[in-house]
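Participant: Predicted structure and sequence below. I'll ask about it afterward.
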Amino acid sequence: MVTAAEPQKTAEYEMRLRFHRGQRRAWDSQARIVAMLAGTQSGKTVFAPPWLHREIQRQGEGDYLAGTANYDLLKLKLLPELLSYFEQEAGIGRYWAQDRVLEIAENLEPGRFTAKTKDDPMWARIIIRSAESAIGFESGTIKGACLDEADAPEVKRIIWEALQRRTAIHQGRILLATTLYRWGWLKNEVYDRWKAGDKDYDVIQFDSIENPAFPRAEYERAKRTLPSWKFRLFYQGQYEKPAGLIYDSFNEDVCKVRGFPLPVTWPRYVGHDFGGANPAAMFYAQDPATGYFYAYEEYLPGVGRSTAEHVEKFKEMTKGMIVLKRAGGSHQEDEIRQGYTAHGWPIAEPKIRDVKAGIDRVYALHKLNKLFVFDDLEEYLREKQSYSYKLADNYNPTEEIENKSSFHLLDAERYILSDFTPETVVTGKAHEPVNY
């Protein structure tokens, strides 16, 4: 459904593309990172091949990348669009299926292919990958990339990081085209940066019915029958807090703040979550004048460090500061707490053991806008915006937390902040964070 006319010339071949308004806005964008956040069946995937074609025209010979969320989407959606456009319509592509590489004809002249085998040098090529194999995004120096269904659960933040690294040398442009599924890295690291005015990013949002082929009756049916949050995500490309989000009381517009130098005299509190594979810690400072808490540091090092090495790092991070309390771990993890104490970092057992009761304490701190978060705590914010109760078939939340064991930073936060009763935390008159 690539449907204002845009000529694309290769030698004697000329192609005409007609875009709808949403696609046109994405086409006209000159930002390095362009994100099409749009409704289902709105013409995102079909837009990727001509966009990538133009990048090849601009950058010339070399490697490019086209990816999507999983193998099924690659096989049934993205790959057919790439082959239809580059092989059949433009005549400048030849697919090497074994390596999932689309060879591009020299100087974009139809039929002028240089490779005799899949291992031969090619003037240009599009490497085609799915997010199920993240390592596929790590190879090569890429001059341009498009990632379809970038917000799907299979597309982890490590893939986004890989794309940025691979395109760095040539400052290659990246197209992210997706229906919205969740609040995750795409919101934190693309949408929020665009909203804050970062000129490297451009976000284009449009409804499914921008596509002239999408039936309005189907659009209206979905609007009537789906929960409003789901309709806005899936059919309008608009963020809205989904049902089941545990910390829906967290007001990003007020409580996500740019980091500033914290006075060394402010008391510190540290929450811990134990585990050999995923140890985690959260660091908080409290303003004595207002009682506000500031989450200013996250610690998620992964595997390979001993207790002694963790403690050495914690002492380095809090050098010269007054750490009033450290808390963490379940009731059954006293032996681990003793290990930290033996190395000079005593950790207390949390006063509140019940998960729901602990969540309620943190929830109330957010509700009262007494907990501020530095905006560079990327992993913490990712967890905060995706920590949810499972939904029943009717989209109503259950009491079971979705993938509970993977939210290590939020567990660390709950262990330390559940010690505080939000209503009794002293506050000043203003409901703004202190700026220094």
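Facilitator: Structure's in. What do you need?

Participant: Show me the chain divided up by domain.
Facilitator: 5-236, 252-424 (automatic domain parsing).

Participant: would you list those in TSV and tack on distance to residue 245, mean neighbour count and mean pLDDT?
Facilitator: For every residue, glycine as well, the C-beta is placed using N, CA and C. Shown next, in TSV, are the domains of the chain (distance: least, Cβ to Cβ, whole Å; neighbours: other Cβ atoms under 10 Å; pLDDT from 0 to 100):
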stretch	distance to residue 245	mean neighbour count	mean pLDDT
domain 5-236	7	18	91
domain 252-424	5	17	92
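
Participant: Turn the ones you listed into JSON lines, columns for distance to residue 243.
Facilitator: Shown next, in JSON lines, are the domains of the chain (distance: least, Cβ to Cβ, whole Å):
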{"stretch": "domain 5-236", "distance to residue 243": "6"}
{"stretch": "domain 252-424", "distance to residue 243": "6"}
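
Participant: now for these, which one comes closest to residue 246?
Facilitator: Closest to residue 246 of the domains of the chain is domain 252-424 (Cβ to Cβ; 4.7 Å).

Participant: what's next to the helix or strand encompassing residue 271, contact-wise?
Facilitator: Using DSSP states H and E, residue 271 sits in strand 268-273. With Cβ atoms under 8 Å, 6 or more residues apart in numbering as the test, strand 268-273 has contacts from 279-286, 293, 314, 318, 321-329, 340, 347, 408-409, 411-417.

Participant: residues in contact with residue 350?
Facilitator: Here residue 350 is in contact with 327, 328, 329, 358, 414, 415, 416, 418, 419 (Cβ under 8 Å, 6+ apart).

Participant: Packing partners of the helix or strand just after the strand holding residue 271?
Facilitator: For strand 268-273, the following helix or strand on the C-terminal side (DSSP H and E) is strand 280-286. Under the contact criterion of 3 or more Cβ pairs under 8 Å, 6 or more residues apart in numbering; DSSP states H and E, strand 280-286 touches strand 268-273, strand 293-299, helix 408-417.

Participant: Out of those, flag the one nearest residue 129.
Facilitator: Closest to residue 129 of the helices and strands packed on strand 280-286 is helix 408-417 (Cβ to Cβ; 28.7 Å).

Participant: And residue 49, how far from residue 71?
Facilitator: 19 Å (Cβ to Cβ, to the nearest Å).

Participant: Likewise for residue 272?
Facilitator: From residue 272 to residue 71 the distance is 39 Å (Cβ to Cβ).

Participant: Same question for residue 369.
Facilitator: According to Cβ to Cβ, residue 369 and residue 71 sit 45 Å apart.

Participant: Kindly report the same for residue 364.
Facilitator: 44 Å.

Participant: Please apply the same query to residue 186.
Facilitator: Residue 186 sits 21 Å away from residue 71, going by Cβ to Cβ.

Participant: Same question for residue 394.
Facilitator: 31 Å.

Participant: Same question for residue 109.
Facilitator: 32 Å.

Participant: Closest to residue 403 out of the contacts of residue 350?
Facilitator: Of all those, residue 403 sits closest to residue 414, with 15.8 Å by Cβ to Cβ.

Participant: Now do the same contact list for that closest one.
Facilitator: By Cβ under 8 Å, 6+ apart, the neighbours of residue 414 are 271, 350, 355, 358, 359, 361, 362.

Participant: which non-adjacent residue is nearest the third one?
Facilitator: Same thing as residue 355. Among residues not flanking residue 355 along the chain, residue 414 sits closest, at 7.4 Å (Cβ to Cβ, 6 or more residues apart in numbering).

Participant: Now do the strands in the stretch 51-200 of the chain.
Facilitator: Ranges of strands in the stretch 51-200 of the chain, per DSSP state E, counting those that start in this stretch, are 62-68, 93-96, 101-104, 124-130, 142-148, 173-178.

Participant: Adjacent strands (with direction) for the third one?
Facilitator: Strand 101-104 sits in its sheet next to strand 93-96 (antiparallel), strand 124-130 (antiparallel), going by DSSP bridges.

Participant: Measure how the longest one sits relative to strand 142-148, angle-wise.
Facilitator: This points to strand 124-130. 40 degrees (axes from the mean of the first three to the mean of the last three Cα atoms, to 10 degrees).

Participant: Can I get the helix or strand containing residue 310 as CSV, trimmed to CA atoms?
Facilitator: Assigning secondary structure by DSSP H and E places residue 310 in helix 307-317. Below are the C-alpha coordinates for helix 307-317, written out as CSV (Å, rounded to 0.1, in the frame of the first residue of the first chain):
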residue,chain,number,x,y,z
THR,A,307,30.2,-10.4,47.5
ALA,A,308,33.5,-8.6,48.3
GLU,A,309,33.6,-7.0,44.9
HIS,A,310,30.0,-5.8,45.2
VAL,A,311,30.8,-4.3,48.6
GLU,A,312,33.9,-2.6,47.3
LYS,A,313,31.8,-1.0,44.6
PHE,A,314,29.1,0.1,47.0
LYS,A,315,31.6,1.8,49.3
GLU,A,316,33.1,3.6,46.3
MET,A,317,29.6,4.8,45.2
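
Participant: next helix or strand past it?
Facilitator: Going down the chain from helix 307-317, the next helix or strand is strand 323-328, by DSSP H and E.

Participant: how many degrees apart are that following strand and strand 280-286 in direction?
Facilitator: Using the same axes, to 10 degrees: strand 323-328 against strand 280-286 is 150 degrees.

Participant: and strand 323-328, what other elements does it pack with?
Facilitator: strand 268-273, helix 408-417.

Participant: Go ahead and name everything in contact with the helix or strand following that strand.
Facilitator: Per DSSP H and E, the first helix or strand lying C-terminal to strand 323-328 is helix 334-342. Contacts to helix 334-342, defined as Cβ under 8 Å, 6+ apart, come from residues 272, 274, 307, 310, 311, 328, 329, 346, 347, 348, 349.

Participant: Pull the distance from helix 334-342 to the chain's centre.
Facilitator: 35 Å (Cα atoms, centre = their mean, to the nearest Å).

Participant: List the contacts of the closest residue to residue 170 other than its chain neighbours.
Facilitator: Counting by Cβ to Cβ, 6+ apart, residue 143 is the residue found nearest to residue 170 once chain neighbours are left out, at 4.8 Å. Listed by Cβ under 8 Å, 6+ apart, the contact set of residue 143 reads 55, 56, 59, 60, 62, 63, 64, 167, 170, 172.

Participant: now do 10 Å
Facilitator: Taking Cβ atoms under 10 Å, 6 or more residues apart in numbering as the contact definition, residue 143 lies against 55-56, 58-65, 124, 166-167, 169-173.

Participant: Now do residue 309 against residue 316, distance only.
Facilitator: Residue 309 sits 11 Å away from residue 316, going by Cβ to Cβ.

Participant: scratch that, residue 88 is what I was asking about
Facilitator: Here residue 88 is placed at a distance of 60 Å from residue 316 (Cβ to Cβ).

Participant: Fine by me, thanks again.
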